[in-house]
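Enquirer: no FASTA, just this:
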Ligand SMILES: *[C@@H]1O[C@H](CO)[C@@H](O)[C@H](O)[C@H]1NC(C)=O
Ligand SMILES: *[C@@H]1O[C@H](CO)[C@@H](O)[C@H](O)[C@H]1NC(C)=O
Ligand SMILES: *[C@@H]1O[C@H](CO)[C@@H](O)[C@H](O)[C@H]1NC(C)=O
Ligand SMILES: *[C@@H]1O[C@H](CO)[C@@H](O)[C@H](O)[C@H]1NC(C)=O
């Protein structure tokens, strides 16, 4: 593995992949933690996430990003030593990019990237600060499919079961474009995916949709028209 000298004139340096440059690991042993900050970030699956440094003290000697709260060497994602030269090393090559300002870019995140990221900043006086980020990656939701046991039913006689086909756990039901008001004739299954109306009345005629959501996005089914005949 060839070593690479990188100028500290940061503006002139281009990122060249995670550089497996040996840094002074001994230098990092037994840091004296003086500060802990935790930030929470939500992100959508498939996007790029920037883990910023929340508090950057002056006189930084170097920094290390870890996966999880643990600061074991085998949890190191990437590190950077600021002295006469900047040295970077990292374990997860590819989707991870350590910027020269110390921030960590995670590209095209998946749910597996959810969790804690800990940054230890070593200062020139040999103390250090520690901060952690909790990343939660939410799935990109696809529109659910709404099915009904029967879309043409008879008032005061028939029942109807509508099924929202989705893997999502958070579901809203909509009737004519607004939140469905449940009546005593309506029952939602525990998983919220089945709506039973028994018996159906004329006032139930209209357009039904189910809407799945998480903190980062939502997706609605096509609307399903329930036609109610009366005798
Ligand atoms: C992002 O990751 C997914 C798999 O998680 C992959 O299918 C897709 O091609 C990636 N997109 C880019 C732009 O790298
Ligand atoms: C749907 O309900 C209508 C009216 O009650 C009935 O005539 C029809 O047979 C039902 N269709 C199915 C597939 O159950
Ligand atoms: C929802 O309805 C479908 C179709 O009628 C049925 O197969 C399924 O068991 C129901 N699920 C629940 C949780 O009631
Ligand atoms: C719902 O929409 C249907 C079709 O547009 C309409 O006939 C019905 O009166 C509406 N029902 C309510 C309660 O708004």
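Expert: Looks like it arrived, so ask away. Here the structure is a predicted model, which is why all the values come from computation and not from measurement. Ligands and ions are numbered 1, 2, ... in the order given.
Enquirer: Does residue 112 belong to a helix, a strand or coil?
Expert: helix (DSSP: H, G, I helix; E, B strand; the rest coil).
Enquirer: tell me, how many neighbours does it end up with?
Expert: Burial of residue 112 is recorded as 7 neighbouring residues (other Cβ atoms under 10 Å). C-beta coordinates here come from the backbone N, C-alpha and C atoms, glycine included.
Enquirer: In contact with it: list those residues for me.
Expert: Applying Cβ atoms under 8 Å, 6 or more residues apart in numbering, one finds that residue 112 lies in contact with residue 137.
Enquirer: What is the neighbour count of the residue nearest to residue 40 when sequence neighbours are not counted?
Expert: Once its chain neighbours are removed from consideration, residue 40 has its nearest residue in residue 134; the separation is 4.7 Å (Cβ to Cβ, 6 or more residues apart in numbering). Here the neighbour count serves as a burial measure; for residue 134 (other Cβ under 10 Å) it reads 13.
Enquirer: Show the low-confidence segments of this protein, by residue range.
Expert: In the predicted model, the chain carries pLDDT under 70 at residues 1-36, 84-93.
Enquirer: how about whatever helix or strand the residue nearest to residue 40 lives in: buried residues?
Expert: Counting by DSSP states H and E, the element that carries residue 134 is strand 128-138. For strand 128-138, burial by neighbour count (16 or more other Cβ atoms under 10 Å) applies to 128-133, 135, 137-138.
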